[in-house]
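[1] I would like to see how this sequence folds:
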Amino acid sequence: MHNWLGFFGAFNPPTLAHIELAEFAMQETGRDGVLFVPSRSQYIRVSQQKDFAYSDSQRLEMLETIAASRPWMQVTDIEIRADHQPRTYETLLALRDRGIHATLLLGSDKLPELESGWLYVREICETFGVVCLTRGRDACEAMIKASPFLCSLSSCIRVLETPETFRDLSSSLVRQMVRDQADAATLPVPPEIRRMVMEGMQ
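    Below you'll find the model as predicted:
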């Protein structure tokens, strides 16, 4: 069975931070690769209430284009093809049935959501484990210690202190740059998808 990191998210659009930090996490944890699992655009628009969502096909094409030159990176449309947005635990179980054991990879901005907004958190942590990437100025260890629930799962959560370069880079920033008509060459996304990112918001 392949032992991967499962990177779930909107990737709206994928940024250099998504790619570089995913590879960093893979190297730090010794996993076989990183499986990117984009969520459904309807979920991004309605549940996450983002100001804009690239379509399912656009985000999938972007990720697959990036993965084409990165052997360690794989992409699955398992959630995009679903008739509703699956719970993360359900997707992890489905992937395991396909021979892929994926530890959940997430940013530290998602830590508070584990306590209040997610289902099956204990099952995810105890069955698959969690690797948490520091984002912004988050003090992950302090966040975990301050929460009795997260503290009870701390043995299943590995925190990685990430390079400063990408800590504050977000998809929201990229979308704003596109709205501001920034030069495509300055967008902090992989070069091979810059045109897709620009044209996708027109």
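
[2] who's in contact with stretch 51-71?
    By CB atoms under 8 Å, 6 or more residues apart in numbering, the surrounding residues in contact with stretch 51-71 are 10-14, 19, 23, 33, 36, 38, 40-41, 44-45, 73-75, 77, 80, 172, 175, 190, 192-193, 196-197, 200-201. (Glycine included, C-beta is placed from N, CA and C.)

[3] Only alpha carbons, please: show that stretch as CSV.
    Taking C-alpha atoms only, stretch 51-71 is exported to CSV below (Å, rounded to 0.1, in the frame of the first residue of the first chain):
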residue,chain,number,x,y,z
ASP,A,51,-15.5,35.6,-3.5
PHE,A,52,-14.8,33.6,-6.6
ALA,A,53,-14.4,29.9,-7.5
TYR,A,54,-12.6,28.5,-10.5
SER,A,55,-14.6,25.6,-12.0
ASP,A,56,-14.0,22.0,-11.1
SER,A,57,-12.5,21.3,-14.5
GLN,A,58,-10.3,24.4,-14.4
ARG,A,59,-8.8,23.6,-11.0
LEU,A,60,-8.3,20.0,-11.9
GLU,A,61,-6.6,20.9,-15.1
MET,A,62,-4.3,23.3,-13.2
LEU,A,63,-3.3,20.7,-10.7
GLU,A,64,-2.8,18.0,-13.4
THR,A,65,-0.6,20.4,-15.4
ILE,A,66,1.5,21.1,-12.4
ALA,A,67,1.8,17.4,-11.5
ALA,A,68,2.9,16.5,-15.1
SER,A,69,6.5,17.7,-14.3
ARG,A,70,6.5,16.5,-10.7
PRO,A,71,6.7,12.8,-10.2
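
[4] the helices in the chain, which residues?
    Using DSSP state H, the helices of the chain run over 16-29, 41-46, 56-67, 88-97, 111-116, 121-127, 140-146, 148-152, 171-179, 194-200.

[5] Please export the C-alpha coordinates of the second one as PDB.
    Taking only C-alpha atoms (Å, rounded to 0.1, in the frame of the first residue of the first chain), the coordinates of helix 41-46 have been written out as PDB:
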ATOM      1  CA  SER A  41     -16.500  24.300  -6.700                       C
ATOM      2  CA  GLN A  42     -20.100  24.400  -5.400                       C
ATOM      3  CA  TYR A  43     -18.700  23.800  -1.900                       C
ATOM      4  CA  ILE A  44     -16.200  26.600  -2.300                       C
ATOM      5  CA  ARG A  45     -18.900  29.000  -3.400                       C
ATOM      6  CA  VAL A  46     -21.700  28.100  -1.000                       C
END
